[in-house]
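Enquirer: Predicted model, plus sequence, below.
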Amino acid sequence: MTLLPNLQARFRQALAPLTDRPEPWLEMIRRAQDARFGDYQANFAMALGKQLNKKPQELAAEVVARLDVADLCQPPEVAGPGFINLRLKDEWLIERVTAAVNDPRLGVELAAAPRTYVIDYSAPNVAKPMHVGHIRSTVIGDALCRMLRFLGHRAISDNHIGDWGTQFGMIIYGYKHFLEPNAYRDRPVQELARLYRLVRQLVDYFAAKESLPELQRRLEEKQQVLAAQRQAAMPAAGQKIDKKLREAVTKLENSAKEAAEDVESAKKKIAAVDADSILAQLAAEHPQIGPGTQAETARLHAGDAENHRLWQEFMPYCLEDIQRIYRRLDVHFDHALGESYYHDMLPGVVEELRRRGIAQESQGAVCVFLEGQPAPMIVQKQDGAYLYATTDLATIRYRMQQWRPDAILYVVDHRQSMHFQQLFGTARLLGYDQVELQHVSFGTVLGKDGRPFKTRAGDTVGLEGLLDEAIDRARRIVAENDDAKPGGAELSPEQRACVAETVGIGALKYADLSQNRTSDYEFDYEKMLAMNGNTATYMQYAYARVRNIFAKGNIDVQQLRAAGSAITLGTPAERALALELLRFGDTLSLALTDYRPNQLTAYLFDLAKSYFTFYEECPVLKAGTPALRDSRLLLSDLTARTIRKGLELLGIGAEEKM
Ligand code: ARG
């Protein structure tokens with residue numbers, strides 16, 4: 001058993017006479033913040049005391065009296081208002097670290113009860129360029145797969161690509177009216193992308209024209225309300241500013257600002273076409289392009305032979321386009337069953353929902369009304385069309401039949417949380433109430449201005465350009481570092497290029513994974529590539545530095561490990577490092593309880609810091625005795641392996657030399 005579960009098991013016994021629901025209290029056993037209070041601390045006595053009407057100190061003493069940890073810890077102490085402080089025995093630490101050194105799994109145990117997970121992530125809408133938002137889903141989903149698999153779970157990755165949506169109506173429309181055959185023959189992916197952008201621009205143009213008067217009316221209305229509210233918030237002579245009124249003004253100001261931006265954005269879309277004679281000409285020739293693209297989508301879905309043939313022709317190009325990015329990111333899927341895969345199952349889903357009384361007809365549409373939901377979930381529109389939700393229900397049914405998973409994780413941004421609440425609610429009504437359905441949601445990627453990350457022209461930022469730029473910047477950093485080495489540069493141009501790739505891609509992934517996934521985060525190349533701080537670059541350099549000790553000392557690690565020298569923890573820095581190394585397994589379990597890879601990045605950062613303290617205080621190659629040197633080399637080796645494994649589980653590489 002790894003450290004934390006072991007301690008928890010002991011406490012479970014000691015708590016048994018007091019409560020039959022010990023879990024919440026066991027979760028309050030944590031790593032001590034300050035080494036003076038020991039290594040671990042249990043601070044449940046205050047809250048549990050309140051519940052049981054006992055004095056916390058007495059309760060803590062009672063638990064300690066029953067606590068059987070003599071083999072692991074020194075006698076526990078009760079401190080302050082009722083904290084239980086635990087200090088692990090050095091013998092025990094040494095025994096565990098030695099076991100980890102000799103374990104290809106680095107002391108991380110397999111899950112006692114392996115589960116089957118389906119992980120639904122990335123899922124871009126093909127034929128549209130992948131954008132910065134997709135990086136979050138791709139990177140988080142991939143890390144979760146890797147971590148689950150390492151712990152012995154079965155993780156089935158399934159890329160639920162959007163391959164059946166309205167974007168195909170646009171491309172088909174474009175193909176039928178605007179195709180440049182030579183361009184399509186020579187560079188099909190680019191030509192399809194151009195058609196998509198062109199049609200999209202024209203559709204947006206007409207939509208903007210239509211909505212502009214209403215947007216302007218709304219703006220004026222908001223400005224009027226704002227003016228009145230400003231008046232009301234003016235303090236009368238001799239009175240103080242009313243805070244509530246002031247806040248209301250600020251709120252209105254923001255809302256008016258947003259309305260003004262909507263007007264601006266619509267005007268921009270209109271101007272972009274009007275100002276370009278070719279586009280303006282096309283717009284004049286295709287006034288019905290909006291409904292026209294919708295009709296093409298409807299024909300595709302209805303099984304129209306020509307549209308279906310075109311779709312089949314386009315798909316390989318679209319898939320190749322996303323595959324190129326996955327290759328660069330080193331992300332691989334077991335399955336890529338897109339929305340189109342479920343198309344034929346949709347009538348059956350709606351039929352079942354109706355037959356079992358789960359869905360009703362309402363204003364011509366078929367809807368599922370769920371308790372506590374502000375709106376029904378629509379599964380079939382008035383015109384007979386099926387929706388995103390219908391496909392997702394068919395997908396759940398398929399996955400349950402195919403793989404019988406214990407859990408299905410959806411790594412999708414937080415704006416879809418309502419969709420997933422409704423989806424899961426309906427799935428439970430359908431009888432899928434044993435499976436854990438989990439929306440692993442995440443926040444938005446922001447630019448430096450704190451708004452969703454956009455290019456200067458206001459477009460969403462393409463994923464491919466981000467990768468190129470990150471690698472480009474990494475190349476400069478790697479070169480500078482190499483040039484600055486005391487003994488002169490060490491890397492060949494090929495090595496530099498290879499390192500830059502690992503550093504650039506790693507930085508991008510780590511920046512994403514190290515965020516609390518539910519928060520929005522600011523995209524910033526400089527921060528993500530910083531040599532110091534919680535970045536991939538820092539971790540990769542830490543790894544290379546440890547490996548460098550072995551190169552410098554001309555040490556054969558295999559021999560070192562095989563020699564089985566004893567580990568000693570004679571100084572606080574060595575002891576602290578050993579304790580960190582033993583937390584790897586606990587960290588992974590913890591990170592997977594609520595699907596938060598940032599627990600792993602935080603751990604790696606702590607580990608690297610512990611290592612550098614150790615490295616400053618404890619000479620390794622110049623240790624006083626050969627035995628001490630071997631012990632410290634073994635700790636260094638385990639650190640390097642743990643960092644490397646940790647990065648690998650995040651989908652990030654590490655180079656021996658940087
Ligand atoms: N294609 C969707 C989008 O880009 C995400 C799909 C997520 N997965 C799912 N089963 N709904 O918004």
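Expert: Good, I have the coordinates.
Enquirer: got the contact list for stretch 343-350?
Expert: Taking contacts as Cβ atoms under 8 Å, 6 or more residues apart in numbering, the residues outside stretch 343-350 that touch it are 164, 301, 359, 366, 379-380, 386, 390-391, 393-394, 397-398. Just so you know, the C-beta spots here come from the backbone N, C-alpha and C atoms, and that holds for glycine as well.
Enquirer: Report the buried residues of it.
Expert: 343, 345-346, 349-350 (16 or more other Cβ atoms under 10 Å).
Enquirer: Just the buried subset of the contacts of stretch 343-350, please.
Expert: The neighbour count (16+ other Cβ under 10 Å) marks 164, 301, 359, 366, 379-380, 386, 390-391, 393-394, 397 as buried among those.
Enquirer: about what we covered before: adding distance to the ligand, write the contacts of stretch 343-350 out as a markdown table.
Expert: Listed next are the contacts of stretch 343-350 as a markdown table, based on distance: Cβ to the nearest ligand atom, whole Å:
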| residue | distance to the ligand |
| --- | --- |
| 164 | 10 |
| 301 | 16 |
| 359 | 19 |
| 366 | 19 |
| 379 | 14 |
| 380 | 17 |
| 386 | 14 |
| 390 | 11 |
| 391 | 8 |
| 393 | 10 |
| 394 | 10 |
| 397 | 13 |
| 398 | 11 |
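Enquirer: how about these in a markdown table, adding secondary structure and pLDDT?
Expert: Below are the contacts of stretch 343-350 laid out as a markdown table (DSSP: H, G, I helix; E, B strand; the rest coil; pLDDT from 0 to 100):
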| residue | secondary structure | pLDDT |
| --- | --- | --- |
| 164 | coil | 94 |
| 301 | helix | 92 |
| 359 | coil | 97 |
| 366 | strand | 97 |
| 379 | strand | 97 |
| 380 | strand | 96 |
| 386 | strand | 93 |
| 390 | helix | 97 |
| 391 | helix | 98 |
| 393 | helix | 98 |
| 394 | helix | 98 |
| 397 | helix | 97 |
| 398 | helix | 98 |
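Enquirer: what's the most distant pair in those residues?
Expert: 164 and 359 (21.4 Å; Cβ to Cβ).
Enquirer: about what we covered before: now tabulate the buried residues of stretch 343-350 in JSON lines and tack on distance to residue 508.
Expert: JSON lines is the format used below for the buried residues of stretch 343-350 (distance: Cβ to Cβ, whole Å):
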{"residue": "343", "distance to residue 508": "35"}
{"residue": "345", "distance to residue 508": "37"}
{"residue": "346", "distance to residue 508": "37"}
{"residue": "349", "distance to residue 508": "38"}
{"residue": "350", "distance to residue 508": "41"}
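Enquirer: Surely residue 542 touches residue 608?
Expert: Yes. The pair residue 542 / residue 608 is scored as a contact, 4.2 Å apart, by Cβ atoms under 8 Å.
Enquirer: which residues do the two both contact?
Expert: Contacts common to residue 542 and residue 608, judged by Cβ under 8 Å, 6+ apart, are residue 643.
Enquirer: quick one, phi/psi of the closest residue to residue 393 other than its chain neighbours?
Expert: Once flanking residues are discounted, residue 393 sits nearest to residue 349: 5.1 Å by Cβ to Cβ, 6 or more residues apart in numbering. The phi/psi pair for residue 349 (degrees, to the nearest 10) reads phi -60, psi -50.
Enquirer: From the ligand, how far off is residue 349?
Expert: Distance, residue 349 to the ligand, using Cβ to the nearest ligand atom, to the nearest Å: 14 Å.
Enquirer: Can you pull up the residues of the chain that come close to the ligand?
Expert: For the chain, the residues in contact with the ligand (Cβ under 6 Å from any ligand atom) are 120, 123-125, 160, 162, 392, 395, 410, 412.
Enquirer: redo that, cut-off 8 Å
Expert: 120-121, 123-125, 133-134, 137, 160-162, 165, 339, 388, 391-392, 395, 410, 412-413, 416, 419-420, 423 (Cβ under 8 Å from any ligand atom).
Enquirer: Filter these down to the buried ones, PyMOL style.
Expert: Filtering the residues of the chain next to the ligand down to the buried ones (16+ other Cβ under 10 Å) takes a single PyMOL command:
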select buried, resi 120+121+123+124+125+133+134+137+160+161+162+165+339+391+392+395+410+412+413+419+420+423
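Enquirer: Out of the residues of the chain next to the ligand, name the ones that lie in helices.
Expert: Among these, the members found in helices (DSSP state H) are 133-134, 137, 388, 391-392, 395, 419-420, 423.
Enquirer: wait, which of these is closest to residue 48?
Expert: Among those, residue 420 lies closest to residue 48 (Cβ to Cβ), at 35.0 Å.
Enquirer: measure the closest one to residue 478 for me?
Expert: 41 Å (Cβ to Cβ, to the nearest Å).
Enquirer: So which residue is dead centre in this protein?
Expert: residue 140 (3.1 Å; Cα atoms, centre = their mean).
Enquirer: where's that one relative to residue 507, distance?
Expert: 16 Å.
Enquirer: How about residue 155?
Expert: Taking Cβ to Cβ, one finds residue 155 at 25 Å from residue 507.
Enquirer: Who are the contact partners of the residue of the stretch 151-300 of the chain found nearest the ligand?
Expert: Closest residue of the stretch 151-300 of the chain to the ligand, Cβ to the nearest ligand atom: residue 162 (3.6 Å). Applying Cβ under 8 Å, 6+ apart to residue 162 gives the contacts 123-126, 338-339.
Enquirer: try 10 Å this time
Expert: For residue 162, the contacting residues are 123-128, 168, 338-340, 388, 391, by Cβ atoms under 10 Å, 6 or more residues apart in numbering.
Enquirer: which one in those is the model shakiest on?
Expert: Lowest-confidence member of the contacts of residue 162: residue 128, scoring 80 (pLDDT).
Enquirer: What segments of the stretch 501-650 of the chain are strands?
Expert: With DSSP state E, counting those that start in this stretch as the criterion, the stretch 501-650 of the chain has strands at 521-522.
Enquirer: Where does pLDDT dip in it?
Expert: Of all residues in the stretch 501-650 of the chain, none has pLDDT under 70.
Enquirer: Which residue ranges of it form helices?
Expert: 525-528, 536-552, 557-563, 572-582, 584-593, 598-617, 626-649 (DSSP state H, counting those that start in this stretch).
Enquirer: Any chance of CSV for these, columns mean neighbour count?
Expert: Formatted as CSV, the helices of the stretch 501-650 of the chain follow (neighbours: other Cβ atoms under 10 Å):
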stretch, mean neighbour count
helix 525-528, 15
helix 536-552, 20
helix 557-563, 12
helix 572-582, 21
helix 584-593, 20
helix 598-617, 19
helix 626-649, 21
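Enquirer: Using JSON lines, lay out the buried ones among the contacts of stretch 343-350 together with distance to residue 437.
Expert: Converted to JSON lines, those look like this (distance: Cβ to Cβ, whole Å):
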{"residue": "164", "distance to residue 437": "22"}
{"residue": "301", "distance to residue 437": "27"}
{"residue": "359", "distance to residue 437": "19"}
{"residue": "366", "distance to residue 437": "22"}
{"residue": "379", "distance to residue 437": "17"}
{"residue": "380", "distance to residue 437": "22"}
{"residue": "386", "distance to residue 437": "20"}
{"residue": "390", "distance to residue 437": "17"}
{"residue": "391", "distance to residue 437": "16"}
{"residue": "393", "distance to residue 437": "12"}
{"residue": "394", "distance to residue 437": "15"}
{"residue": "397", "distance to residue 437": "13"}
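Enquirer: Which one of these is nearest to residue 495?
Expert: Using Cβ to Cβ, these come closest to residue 495 at residue 164, 44.8 Å.
Enquirer: Hmm, that closest one is touching residue 125, no?
Expert: Yes. In this structure, residue 164 is within contact of residue 125 by Cβ atoms under 10 Å, at 9.4 Å.
Enquirer: tell me, what's touching these two both at once?
Expert: With Cβ under 10 Å, 6+ apart, residue 164 and residue 125 have common neighbours 338-339.
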